[in-house]
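Asks: coordinates only, sequence not included:
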């Protein structure tokens with residue numbers, strides 16, 4: 001019952017926080033942090049007991065839930081979902097520590113925060129399509145309020161835009177779920193994967209597009225990406241971390257878990273289209289990021305660019321490409337989560353994110369400068385760090401299948417180096433404005449949230465088998481299944 005216990009952590013945290021008086025803010029923060037910390041500990045226990053060489057679902061839990069519709073409470077993990085569960089638990093804990101800076105309506109904030117973590121974990125653990133959809137939708141409500149109430153700028157507009165875009169994609173996915181149910185009378189993802197090759201090509205094409213809309217908006221894929229910069233810029237820093245580090249990965253994970261195994265012929269049919277869209281994401285996102293003057297908006301558009309490598313790797317249907325795509329989701333979560341935390345550190349002290357307002361901070365904030373340089377180099381794909389390994393695998397795996405899109409995607413890597421180095425130059429180098437000379441360096445709480453991410457980025461970059469050994473057998477099985485016919 002370890003998976004149910006993992007889901008119970010944020011749920012019990014919500015119940016305890018609801019019972020605490022509103023004025024007990026310190027206790028509320030401690031309960032929320034404890035709940036996310038226990039969830040992280042359980043995920044590490046899961047990692048220790050996981051058998052990476054075993055193909056198939058592990059720690060499976062199945063209970064009949066709605067017998068009239070053959071719906072089950074079905075949980076499980078494999079090499080595709082375990083890295084996402086670990087990433088969610090880690091970022092959920094670190095972002096909760098960063099949330100101690102929230103001072104307004106603390107009780108409501110942490111209830112919604114824990115509900116958000118529950119939805120994210122449930123999405124990665126679900127093996128029943130109905131249960132998957134429930135957790136997928138549960139995540140929308142807390143994110144809407146967390147942006148709309150505790151955000152800044154045009155927070156109501158950004159929250160509404162996020163909700164409408166994501167709900168539109170979810171409705172398209174719901175139609176696909178209904179079509180699958182009426183065809184097969186089951187929503188069990190393991191059974192649906194077995195039935196995948198029995199569906200005619202036309203049916204697979206239509207449903208692949210329906211699910212694609214739901215997942216593409218979440219990734220986000222061009223041209224469905226416009227909600228992302230607004231949501232990132234106006235969300236509070238800890239929520240931006242979860243939005244970039246976890247929520248975007250739910251779209252990529254949906255392709256691995258549902259679209260490819262259930263619609264294998266459709267996945268092959270749309271392979272070139274996926275490669276082209278991935279290339280557009282990479283190049284377009286990089287050039288738009290280069291034009292930004294707001295630091296947070298620059299990091300947001302960099303997410304559009306980096307998530308393009310997930311689509312590019314998926315399109316290849318090669319072991320290198322799919323391993324690169326899956327590893328990119330982990331790597332991007334670590335790197336971009338750190339980048340948003342660093343932007344938040346600067347904003348808390350200066351109350352501005354305009355790159356032109358800074359300069360020379362490397363002289364007075366040496367610790368901050370070291371962290372910003374490290375995470376920026378990881379984002380641009382410096383060899384020895386996790387970003388390089390994942391992008392390299394995605395490019396190598398795709399080049400032999402879709403050569404032209406892969407070559408064009410290299411332009412985005414060059415542009416990424418240009419805008420990240422320019423951002424470092426604007427923030428850390430040059431003359432320092434007079435008003436920033438009294439700024440203080442990073443405090444202990446901020447270091448606690450960033451040091452684990454730094455160490456993991458370095459570990460995966462130097463020894464990528466840390467993650468690859470967990471996912472490779474599941475990816476090999478997925479490729480064999482898709483290409484079986």
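Replies: Alright, I've got the coordinates. What you are looking at is a predicted structure, and each value in this text was computed from that prediction instead of being measured.
Asks: and whichever strand or helix holds residue 31, which residues are buried?
Replies: Element membership of residue 31, judged by DSSP states H and E, is helix 25-49. By neighbour count on 16 or more other CB atoms under 10 Å, the buried set for helix 25-49 is 25, 28-29, 31-40, 42-43, 46-47. Every residue, glycine included, has its C-beta placed from N, CA and C.
Asks: what's the helix or strand following that helix in contact with?
Replies: Once the chain leaves helix 25-49, the next helix or strand it forms, by DSSP H and E, is strand 58-66. Strand 58-66 is contacted from outside by 1-4, 46, 49-51, 71-78, 127-128, 130-131, using CB atoms under 8 Å, 6 or more residues apart in numbering.
Asks: Just the buried ones from these?
Replies: Listed as buried from the contacts of strand 58-66 are 3, 46, 50, 71-78, 127-128, 130-131; burial here means 16+ other CB under 10 Å.
Asks: most centrally placed residue in the chain?
Replies: Centroid-nearest residue in the chain, with CA atoms, centre = their mean: residue 246, separated by 2.8 Å.
Asks: and that one, what is it in contact with?
Replies: Shown here is residue 246, whose contacts under the criterion CB under 8 Å, 6+ apart are 84, 87-88, 91-92, 120, 333.
Asks: Closest one of those residues to residue 480?
Replies: Nearest to residue 480 among the contacts of residue 246 is residue 84, at 21.5 Å by CB to CB.
Asks: give the contact list for the closest one.
Replies: With contacts taken as CB under 8 Å, 6+ apart, residue 84 has the following neighbours: 124, 246, 249, 253, 329-330.
Asks: ok, which pair from those is furthest apart?
Replies: The most widely separated members of the contacts of residue 84 are 124 and 330, with 12.2 Å between them, by CB to CB.
Asks: Go through the one helix or strand residue 121 maps to and flag the buried ones.
Replies: Using DSSP H and E, residue 121 maps to helix 106-125. Applying a neighbour-count criterion of 16+ other CB under 10 Å, the buried positions in helix 106-125 are 106-125.
Asks: any idea how far residue 2 is from residue 73?
Replies: 15 Å (CB to CB, to the nearest Å).
Asks: cool, and residue 85?
Replies: Separation of residue 85 from residue 73 (CB to CB): 17 Å.
Asks: hmm, back to that, and of the contacts of residue 84, the nearest to residue 267?
Replies: Closest to residue 267 out of the contacts of residue 84 is residue 253 (14.8 Å), distances taken as CB to CB.
Asks: Who are the contact partners of the closest one?
Replies: For residue 253, the contact set (CB under 8 Å, 6+ apart) comprises 80-81, 84, 123-124, 329.
Asks: Can you name the element that comes right after the biggest helix by length in the chain?
Replies: Longest among the helix segments of the chain by residue count, using DSSP state H, is helix 319-350. Read in the C-terminal direction, the helix or strand following helix 319-350 is helix 361-364, with elements assigned using DSSP H and E.
Asks: what helices or strands is whichever helix or strand comes after that next one leaning on?
Replies: Tracing the chain C-terminally past helix 361-364 and defining elements by DSSP H and E, one meets helix 366-379 next. Taking 3 or more CB pairs under 8 Å, 6 or more residues apart in numbering; DSSP states H and E as contact, the helices and strands that helix 366-379 lies on are helix 319-350, helix 361-364, helix 386-399, helix 403-428, helix 444-462.
Asks: Direction-wise, compare the fourth one with helix 366-379 and give the angle.
Replies: When axes from the mean of the first three to the mean of the last three CA atoms, to 10 degrees is applied, the directions of helix 403-428 and helix 366-379 differ by 170 degrees.
Asks: what mean pLDDT does helix 403-428 have?
Replies: For helix 403-428, the mean pLDDT works out to 93.
Asks: if I've got this straight, residue 75 is in a helix?
Replies: No - using DSSP: H, G, I helix; E, B strand; the rest coil, the assignment for residue 75 is strand, not a helix.
Asks: For it, give the beta-bridge partners.
Replies: For residue 75, the beta-bridge partners are residue 61, residue 126 (DSSP bridges).
Asks: I figured it was touching residue 5, is that so?
Replies: No - here residue 75 does not reach residue 5: they are 10.7 Å apart, not a contact under CB atoms under 8 Å.
Asks: The residue nearest to residue 110 when sequence neighbours are not counted: what's it in contact with?
Replies: Spatial nearest neighbour of residue 110, chain neighbours left out: residue 32 (4.1 Å); criterion: CB to CB, 6 or more residues apart in numbering. Going by CB under 8 Å, 6+ apart, residue 32 touches 13, 17, 96, 99, 110, 113-114.
Asks: let's see 6 Å
Replies: Contacts for residue 32 (CB atoms under 6 Å, 6 or more residues apart in numbering) come out as 13, 96, 110, 114.
Asks: Make CSV out of the residues you listed and add distance to residue 202 and pLDDT.
Replies: Rendered in CSV, the data for these read as follows (distance: CB to CB, whole Å; pLDDT from 0 to 100):
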residue, distance to residue 202, pLDDT
13, 47, 96
96, 47, 95
110, 48, 95
114, 43, 96
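Asks: so which of those residues comes closest to residue 441?
Replies: Taking CB to CB as the measure, residue 96 is the one of these closest to residue 441, at 23.0 Å.
Asks: from the chain's centre, how far out does the strand or helix carrying the closest one sit?
Replies: Assigned by DSSP H and E, residue 96 belongs to helix 82-98. When distances are taken as CA atoms, centre = their mean, to the nearest Å, helix 82-98 is centred 10 Å away from the chain's centroid.
Asks: Next: stretch 46-55.
Replies: 22 Å.
Asks: Now it: average pLDDT?
Replies: The predicted model assigns stretch 46-55 a mean pLDDT of 91.
Asks: if I look at the nearest residue to residue 72 once chain neighbours are set aside, how far off is residue 66?
Replies: Counting by CB to CB, 6+ apart, the nearest residue to residue 72 once its immediate chain neighbours are dropped is residue 128, at 4.9 Å. Relative to residue 66, residue 128 is positioned 10 Å away (criterion: CB to CB).
Asks: Kindly report the same for residue 163.
Replies: The value you get for residue 163 to residue 66, if CB to CB is used, is 26 Å.
Asks: ok, the two, which is more surrounded?
Replies: When neighbours are counted by other CB atoms under 10 Å, residue 163 and residue 66 differ, and residue 163 comes out ahead with 19 against 13.
Asks: Wasn't that one part of a helix?
Replies: Yes - secondary structure assignment (three-state DSSP) places residue 163 inside a helix.
Asks: phi, psi of the nearest residue to residue 485 once chain neighbours are set aside?
Replies: Once its chain neighbours are removed from consideration, residue 485 has its nearest residue in residue 197; the separation is 5.5 Å (CB to CB, 6+ apart). Backbone geometry at residue 197, expressed as degrees, to the nearest 10, gives phi -70, psi -10.
Asks: And for residue 197, the neighbour number?
Replies: Residue 197 is flanked by 15 other residues according to other CB under 10 Å.
Asks: next one: residue 227
Replies: The local packing of residue 227 (other CB under 10 Å) involves 20 other residues.
Asks: swap in the one 10 residues further on?
Replies: As a burial measure, the neighbour count of residue 237 was computed by other CB under 10 Å and equals 21.
Asks: and the closest residue to it other than its chain neighbours, what pLDDT?
Replies: Spatial nearest neighbour of residue 237, excluding adjacent residues (CB to CB, 6+ apart): residue 344 at 3.1 Å. Reported pLDDT at residue 344 in the predicted model: 91.
Asks: Surely residue 344 touches residue 238?
Replies: No - checked against CB atoms under 6 Å, the pair residue 344 and residue 238 is beyond contact range at 7.9 Å.
Asks: Looking at these two, which has the bigger crowd around it?
Replies: When neighbours are counted by other CB under 10 Å, residue 238 comes out ahead of the other of residue 344 and residue 238, with 28 against 21.
Asks: If anything else comes up later, I'll come back, but that's it for now.
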